[in-house]
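*Asks:* give me a 3D structure for the following:
(2 chains)
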There are 2 protein chains.
Amino acid sequence: MKNKQSRAIRLGMAQLDVTVGDFAGNLGKMLRILDEARSLKVDLVVFPELAVCGYPPEDLLLKPQFIERNLQYLDKLAQASRELCVVAGHVESCGSLYNAAAVINDGQHIGTYRKIFLSNYGVFDEDRYFKPGSECPVYMIGGVGVGINICDDILHAEGPARIQARAGAEVILNISASPYYYGKMKERTAQLAAQARNNTAIVVYSNMVGGQDELVFDGNSLVLNEDGEILARGQQFAEDFIVADLDAEAVARSRMINSALSQGSTSSTWQVSHVAVSRQFDNDDKPDIPVRNATQQSLYEEIYKALVLGTRDYILKNGFTKVVLGLSGGVDSSLVAAIAVDALGKDNVVGISMPSRFSSEGSITDAGLLARNLGIKLISLPIEKTFQSYLDSLEDVFYETISDTTEENIQARIRGNYVMALSNKFGWLVLPTGNKSEMATGYATLYGDMAGGFAILKDVPKTLVYKLVEYRNACAGYDIIPQSVIDKPPSAELRYNQRDSDNLPPYDVLDQVLKAYVEEDKSVEQMVKMGLDEAVVRQAVRLVDDSEYKRRQSPPGIKITARAFGRDRRLPITNKFNGGS
Amino acid sequence: MKNKQSRAIRLGMAQLDVTVGDFAGNLGKMLRILDEARSLKVDLVVFPELAVCGYPPEDLLLKPQFIERNLQYLDKLAQASRELCVVAGHVESCGSLYNAAAVINDGQHIGTYRKIFLSNYGVFDEDRYFKPGSECPVYMIGGVGVGINICDDILHAEGPARIQARAGAEVILNISASPYYYGKMKERTAQLAAQARNNTAIVVYSNMVGGQDELVFDGNSLVLNEDGEILARGQQFAEDFIVADLDAEAVARSRMINSALSQGSTSSTWQVSHVAVSRQFDNDDKPDIPVRNATQQSLYEEIYKALVLGTRDYILKNGFTKVVLGLSGGVDSSLVAAIAVDALGKDNVVGISMPSRFSSEGSITDAGLLARNLGIKLISLPIEKTFQSYLDSLEDVFYETISDTTEENIQARIRGNYVMALSNKFGWLVLPTGNKSEMATGYATLYGDMAGGFAILKDVPKTLVYKLVEYRNACAGYDIIPQSVIDKPPSAELRYNQRDSDNLPPYDVLDQVLKAYVEEDKSVEQMVKMGLDEAVVRQAVRLVDDSEYKRRQSPPGIKITARAFGRDRRLPITNKFNGGS
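*Replies:* Numbering: from 1, shown residues only, chains lettered A, B, ... in the order given. Purely as a prediction, here's the structure:
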């Protein structure tokens, strides 16, 4: 006998950390989820956007053999999906390529949703590969209306979600590969809640997790009821399998007393269809599921964890286990070391102290103290003799010139050569330690302190570096990063008594200008109107524009702001606009 | 009295080398063209795609102040256009942004064409910024029908050109910013001729010229008559002003006897309109124009000139005058030096010889001979003492390890440090000398021989390097690049008796694999079917995939093939696809 209980569907969201191109590895993770889903009597299992091949595959999508492999593995997934209804992101090839969600029922691939609003801004290039879909199918899964859409599709008030809800979808299922930046989740949650309320529908947001080059996906998958209230939340920055019972009857009841859905235009740009998916819900003997409602984290905890996960995944997915970095006794390298230890364990992090004639005694002892606190190995390689040998060799060529940044850069590049030598000899990946403020202004030496495989702090402004150090020390319960490191004025220590403030505005002011200029494309005039000092603004803008060539050769780092350097911000090197000033 | 002669329109195509963001400089060039046009009684002056702001402006297009500046300078151009009809590429801002052609008549901006087929593949990202147009206006300029479209618009048989021709356009005017790669112009000319014949229309192809970061625009602007025959051709790799009289009456006569244009569907996706542009043609007292039909160049001459122009423009547009490079006595650095001399003059090129214990006597003397032949200054900086100081410092750390590529890379990075020191001290831009075969396989040292500002040979495979050397020597009439340089087996000379062939397949085989894999996305299976050795294919594919991280940190170079490294080929570093093998 069917009762209204029989219209409760048990959902399982697989918040997986997949890897681009690792078809076998990704499938392995998915198969383990299918087993878990069966044991929990889940009806509908959901995998994120492009879960089969990883996201973003970039120009691998131009290789026919990559597309083929992706289809072969989708088949394998389908074959393994007996007893379950499964939704999985993959690339559909049908004349053109589509960013698609396959609907699989009991081993049969029975339908496909094609992403309509392709992501083609910021770090995304989907128009380069995909055609947009034009259809809004609603899957009637055992009598429950389910509308599937993908990532940006859910951001449009009059988009697929609305069309699907009007056509009878009680559950809106959005599969995503939405990279993290701080502040995004709050905005995203509000958008999802609005979709739930405005469409009187349960909204399921199934996001990817893990690091892929410059991106880190934060998970944070959500289930919201038709009032926009959060029913379940996946972990942030960790894999998770979120199981929730979705009550379609409650949606139906709400819709009877709430007419919002029927207002507005009923015409649709996209073709609506209904696909019946035969399923028998047996809600009586289902096992209990644990409440899954991960707590939200504080801002600095969130950013710190993004950096840890992004680092761990980059290192391990690229086949490394150990890292090496120069420890200067400064705050940047100290933070990078702490993150590396949290990502990889202390035995997999090696510090190098490379003092020169300009290194202060405090810096040398601080590097040692930090290494002891973190429990990492510290190698000492003084650069003085090598530096002198460069100066001797260049004596004739530099005759009658004055000492300038050239001699500073030589030291930085000697250090770059040493850390790379250790990398080459022992297979350790080098972590450069520069922050976003330095990357922005070019206050770094190309092939020197910029040398390395993965620049963890590339998108972390200097002022935020201090906040993260504070957070990490609070976690430790003591100054694991020594207070003396935090207190000393920032210096590259490449000449006597050097201070960053000799060449740069104070970081608290500089970081405001950089955010306005780099992340928000503000003009000089607008920044001055914001109350920023005009001379500082002009200096910062000139420095940012003039160092594009350095950034073009910088290693990748982890995007944590609304606009990072890299794919996110594509500026010509040859550029006479001069920031419009 | 009007006679049929009065329907001949005098066209002036300004094949300009503009710079991204240099609004004042670009306008200055355009104003000089307007004066020349008036003196030659030109009716219609044409400037290339986005000529006002330069192409491609990339994310400068996201800055509102950049769009505004572009509109201000379009206004200035319009104001200076008295007596003339002018078509000029610019960014239109109208709710969204459009890649547009302004039609200006006698100082008034009277109409706009918006690019319909946006370029969004290869190096292009136009969907990131622009919306496509939806209209196909035909401008009746003094009674001659002119259909304007932009770049890729002309590549579609049933595209805007066809619609415009059917609506009465006798002249199809295509403004372009089409970057060079070898083989492209032949294909492009055939496409333009087909458009001319199929639409019984005069086709005008107005292309940009000059270098912009990794791209070099080759000019080669064309006028084809309604039979697809070339009437005029602009110079390749040089600015030009091509004046031609276009006989609309002849087109009208051809159309009376040729019904091809009226065949096929007459419906159009795009809105057709007619705009009358008032002009009086006075063909009686027009001055004679020189025949402008630049001869086509041989393949190697063409590629060589692309490299010279790309180099000159990158160096000068970025504010440098002098360059420095390491001269190893090898064929790559010899070719780079020759190109640099041809681009900048011998007084602006400095060579550095940096011999080590592994340098052969031949290499050292060859570098000297080359420098003498080219007339450039040569600085000698032996690296032996510095190398020894690194080995001494690392003795403890490297205790009981065996000598490997680590020690090779240390030498390459010492050289990198020296050339960068000269760059920093004297303001010379560093030219690294690696070729595409090395960039592909990672046979280069990051921060070592890869260090520098502009990698001229980055897209030139090793086998092509030899062809270009041969071409350059033929031009000189003697072995300006010494025969001994050409004859010696390629070697990095970083250990005793090293040969490239110790680590890499022979270059003639390797380059075939690289073209198939990198430029054509062939699978291992397909390459083996092409007759390539499977072991070589698998080795090359692995090397290409494994060195993505190096390329991500490599300096820009000049695209000369169908697919260059850089914006043209966007692959993840974290990638477990392994070339599909």
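*Asks:* switch to C-alpha atoms for all contacts and neighbour counts from now on
*Replies:* Will do.
*Asks:* hmm, which helix or strand of chain A has the shakiest average pLDDT?
*Replies:* Ranked by mean pLDDT, DSSP states H and E, the weakest helix or strand in chain A is helix A:500-503, scoring a mean of 88.
*Asks:* so which bits of the helix or strand that that one is followed by are buried?
*Replies:* The helix or strand immediately downstream of helix A:500-503 is helix A:507-514, counting by DSSP states H and E. By neighbour count with 16 or more other CA atoms under 10 Å in any protein chain shown, helix A:507-514 contains the buried residues A:507, A:510-514.
*Asks:* what do you get for stretch A:98-112?
*Replies:* A:98-109, A:112.
*Asks:* spell out which residues of the stretch 201-350 of chain A are next to chain B.
*Replies:* A:212-213, A:314, A:317-318 (CA under 8 Å from any CA of the partner chain).
*Asks:* how far away is A:Asn318 from A:Glu158?
*Replies:* Going from A:Asn318 to A:Glu158 by CA to CA, to the nearest Å gives 41 Å.
*Asks:* cool, and A:Ile486?
*Replies:* Distance from A:Ile486 to A:Glu158, by CA to CA: 50 Å.
*Asks:* the more surrounded of those two?
*Replies:* A:Ile486 (18 against 14; other CA atoms under 10 Å in any protein chain shown).
*Asks:* so where does that one fall, helix or strand?
*Replies:* helix A:483-487.
*Asks:* repeat that for A:Ser268.
*Replies:* Short version, using DSSP H and E: A:Ser268 is in no helix or strand.
*Asks:* I'd say it and A:Ala161 touch.
*Replies:* No: using CA atoms under 8 Å, A:Ser268 is not in contact with A:Ala161; the gap is 11.5 Å.
*Asks:* these two - which one has more neighbours?
*Replies:* A:Ala161 (30 against 14).
*Asks:* what bridges to the residue nearest the centre of chain A?
*Replies:* What sits nearest the mean C-alpha location of chain A, by CA atoms, centre = their mean, is A:Val216, with 2.0 Å. On the basis of DSSP bridges, A:Val216 is bridged to A:Gly211.
*Asks:* so it touches A:Pro179, yeah?
*Replies:* Yes: A:Val216 sits in contact with A:Pro179 when judged by CA under 8 Å, with a separation of 5.5 Å.
*Asks:* next, the buried residues of the helix or strand containing A:Met256.
*Replies:* Using DSSP H and E, A:Met256 sits within helix A:248-257. Neighbour counts over helix A:248-257 (16+ other CA under 10 Å) mark A:248-252, A:255 as buried.
*Asks:* what's near enough to touch the closest residue to A:Thr200 other than its chain neighbours?
*Replies:* Spatial nearest neighbour of A:Thr200, excluding adjacent residues (CA to CA, 6 or more residues apart in numbering or on different chains): A:Glu226 at 4.7 Å. By CA atoms under 8 Å, 6 or more residues apart in numbering or on different chains, the contact list for A:Glu226 reads A:196-197, A:199-203, A:251, A:254.
*Asks:* what does A:Glu226 show for phi and psi?
*Replies:* phi -70, psi -10 (degrees, to the nearest 10).
*Asks:* distance check, it against A:Asp247.
*Replies:* 10 Å.
*Asks:* name the SS class of the closest residue to A:Asn149 other than its chain neighbours, please.
*Replies:* In space, and not counting its chain neighbours, A:Asn149 is closest to A:Asn174: 4.9 Å by CA to CA, 6+ apart. Classification of A:Asn174 using DSSP: H, G, I helix; E, B strand; the rest coil returns strand.
*Asks:* hmm, A:Leu155 and A:Asn174 touching each other?
*Replies:* No: with contact defined as CA under 8 Å, A:Asn174 does not reach A:Leu155; the gap is 10.3 Å.
*Asks:* near chain B, which residues of the stretch 1-150 of chain A? Just list them.
*Replies:* So far as CA under 8 Å from any CA goes, the stretch 1-150 of chain A lies against chain B at A:19-23, A:56-60, A:62-66, A:120-121, A:125, A:127-128.
*Asks:* any idea how far B:Ala367 is from A:Lys76?
*Replies:* Applying CA to CA to A:Lys76 and B:Ala367 gives a distance of 59 Å.
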